[in-house]
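Novice: how does the following fold in three dimensions:
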Amino acid sequence: MASIGSEDGDIGFQIAPMVDVVFVLMLFFMASAGQQVKERELSINLPGGNSTQSGARRQPAAVTPVIIEINSEGYVVINNSQVGAPNDKRLPQLREQLKAMMELGGGEDPVIIRPSPDARHERIMDVLNAAASSNVQKLTFG
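Specialist: Numbers count the residues shown, from 1 in each chain. Down below sits the predicted model:
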């Protein structure tokens, strides 16, 4: 009669499956190391401290935000004055006003675009194109 735990039934610790697992892990880590994502450098101008030669502090210029609203029908309103009809894709009035405001404010005035939730994306792109052609430097969505 064979007893439990005798030499016939006890296989002991097997090292071969452990070596196989180590080799599989090595292959996994070697393969994933070759697929690292390369970071790209973004050209972002961060604000910095300006120092003057004479040591006098300059007063910051008054910054007036320019608010462009786009309603669900496609009308474009800049600072409570309508400048674009829904069928006007180039928005020449908006371009002229933005260009004049950028020249007057030295390009420091921020432009805030507030589209209606129902506004068409195509219309938002028309406004963005008008802002880009008017040399708008500071643009955000509100």
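Novice: what about the helices in the chain?
Specialist: 16-33, 92-105, 121-133 (DSSP state H).
Novice: I78 is nearest to which of the ones you listed?
Specialist: helix 92-105 (5.8 Å; CB to CB). Using the backbone N, CA and C atoms, a C-beta is placed for each residue, glycine as well.
Novice: got the contact list for that closest one?
Specialist: Helix 92-105 is touched from outside by 61, 63-64, 66, 68, 76, 78, 83-84, 109, 111, 127, 130-131, 133-137, with contacts defined as CB atoms under 8 Å, 6 or more residues apart in numbering.
Novice: can you do 6 Å?
Specialist: Identification of contacts with helix 92-105 by CB atoms under 6 Å, 6 or more residues apart in numbering yields V66, V76, I78, V83, G84, A130, S133, S134, N135.
Novice: of those, just the buried ones, PyMOL syntax please.
Specialist: Selection of buried members from the contacts of helix 92-105 for PyMOL, criterion 16 or more other CB atoms under 10 Å:
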select buried, resi 66+76+78+83+84+130+134
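Novice: which of the contacts of helix 92-105 fall within strands?
Specialist: V66, V76, I78, V83, G84 (DSSP state E).
Novice: can you redo the residues you listed as CSV with distance to L25 and pLDDT?
Specialist: Below are those laid out as CSV (distance: CB to CB, whole Å; pLDDT from 0 to 100):
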residue, distance to L25, pLDDT
V66, 58, 90
V76, 59, 95
I78, 61, 93
V83, 63, 92
G84, 61, 88
